[in-house]
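Novice: the sequence and its predicted three-dimensional model are supplied below.
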Amino acid sequence: MMKRSDKIVCSVVGFLGLVAAALAFAAEAKHVRADGVTLTQDGACIYPKSAALQLGIISALALLVAQLIVNISAGCLCCARGGPYRASSNRTIAIICLVVSWITFVIAFILLMAGAALNDQHYANMRNFNNYCYVVKSGVFAGGAVLALATVTLGIFYYITASAVKKSAEWGPRNQNIAMAQPQYGQSSLQPVFVPENVHAQNSEYSQYPYGSQQPPHVGHTQRAPWK
């Protein structure tokens with residue numbers, strides 16, 4: 001069962017991922033298209049102001065915050081090789097999710113920031129773009145949105161599996177100590193005791209008398225005191 005802190009982390013990261021994806025899809029709908037660019041007589045391209053600039057930047061920042069929260073909260077399992085985290089299926093899955101999430105994050109962040117920068121209101125010379133006005137192609141922000149969702153999903157899986165690995169590492173030594181403390185049946189720690197022959201003989205003779213008649217002689221005496 002997940003702890004309350006784990007639920008809070010996953011909820012915050014999931015919310016930020018949804019916000020990043022929603023803003024990226026909104027930027028896809030608002031980005032500058034070719035028919036919105038004005039061409040001047042001297043061959044300059046005038047790009048209009050677009051809300052895709054702010055939407056793309058906020059989306060990229062939300063994705064960055066979500067990625068940082070996941071990695072700071074879960075920590076890194078790659079650095080614990082040979083340490084407290086032994087090789088297991090959960091540890092392997094966690095490392096794969098961590099690596100892939102960073103790859104998707106970098107690609108999504110670049111797409112969102114590049115798309116936002118190209119939607120800023122500015123002037124450009126057509127000669128710098130091979131005699132045509134360059135605009136962001138359709139699908140750049142949408143691709144960033146999909147990769148943002150993939151990044152957050154992989155991050156949450158990484159957090160859950162990393163938490164499971166840490167819990168198993170904490171309980172492992174405790175169970176081992178408890179098992180070592182349990183008695184092992186079938187093995188006795190008693191050592192045999194050798195009794196001298198004269199002491200055994202005295203004890204055998206004394207066992208013939210009733211209780212309370214006479215105390216047995218001390219161990220080590222070679223003669224027995226006469227009975228009264």
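Specialist: Done, it's in.
Novice: which stretches of this structure form strands?
Specialist: Taking DSSP state E, the strands of the chain run over residues 38-39, 44-46, 123-125.
Novice: which secondary structure elements does the shortest one contact?
Specialist: Strand 38-39 sits against strand 44-46, with contacts defined as 3 or more C-beta pairs under 8 Å, 6 or more residues apart in numbering; DSSP states H and E. Placement of C-beta: from N, CA and C, glycine included.
Novice: partners of the strand it packs on, with directions?
Specialist: Paired neighbours of strand 44-46 in the sheet (DSSP bridges): strand 38-39 (antiparallel), strand 123-125 (antiparallel).
Novice: the longest one - what's its average pLDDT?
Specialist: It refers to strand 123-125. For strand 123-125, the per-residue pLDDT values average out at 63.
Novice: before we move on, what about the shortest one?
Specialist: For strand 38-39, the mean pLDDT works out to 78.
Novice: for it, give me every contacting residue.
Specialist: Applying C-beta atoms under 8 Å, 6 or more residues apart in numbering, the contact partners of strand 38-39 are Cys45, Ile46, Pro48, Met126, Cys133.
Novice: what's the neighbour count on Ser11?
Specialist: The criterion is other C-beta atoms under 10 Å. On that basis, Ser11 has 11 neighbouring residues.
Novice: cool, Ile46 as well?
Specialist: If you count neighbours by other C-beta under 10 Å, Ile46 ends up with 14.
Novice: give the contact list for it.
Specialist: Under the criterion of C-beta under 8 Å, 6+ apart, the contact partners of Ile46 comprise Val37, Thr38, Leu39, Thr40, Tyr123.
Novice: reformat those into CSV and put neighbour count and distance to Ala94 next to each item.
Specialist: Putting the contacts of Ile46 into CSV (neighbours: other C-beta atoms under 10 Å; distance: C-beta to C-beta, whole Å) gives the following:
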residue, neighbour count, distance to Ala94
Val37, 16, 47
Thr38, 11, 52
Leu39, 12, 53
Thr40, 11, 55
Tyr123, 10, 49
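Novice: show me which of those residues is closest to Arg4.
Specialist: The shortest approach to Arg4 among those belongs to Val37, at 51.8 Å (C-beta to C-beta).
Novice: local confidence estimate at the nearest residue to that closest one once chain neighbours are set aside?
Specialist: Setting aside the residues directly before and after it, Val37 is nearest to Cys133 in space (C-beta to C-beta, 6 or more residues apart in numbering), at 4.5 Å. For Cys133, the pLDDT comes out at 76.
Novice: wait, Cys133 sits on Ala34?
Specialist: Yes: Cys133 is within contact range of Ala34, at 7.0 Å (criterion: C-beta atoms under 8 Å).
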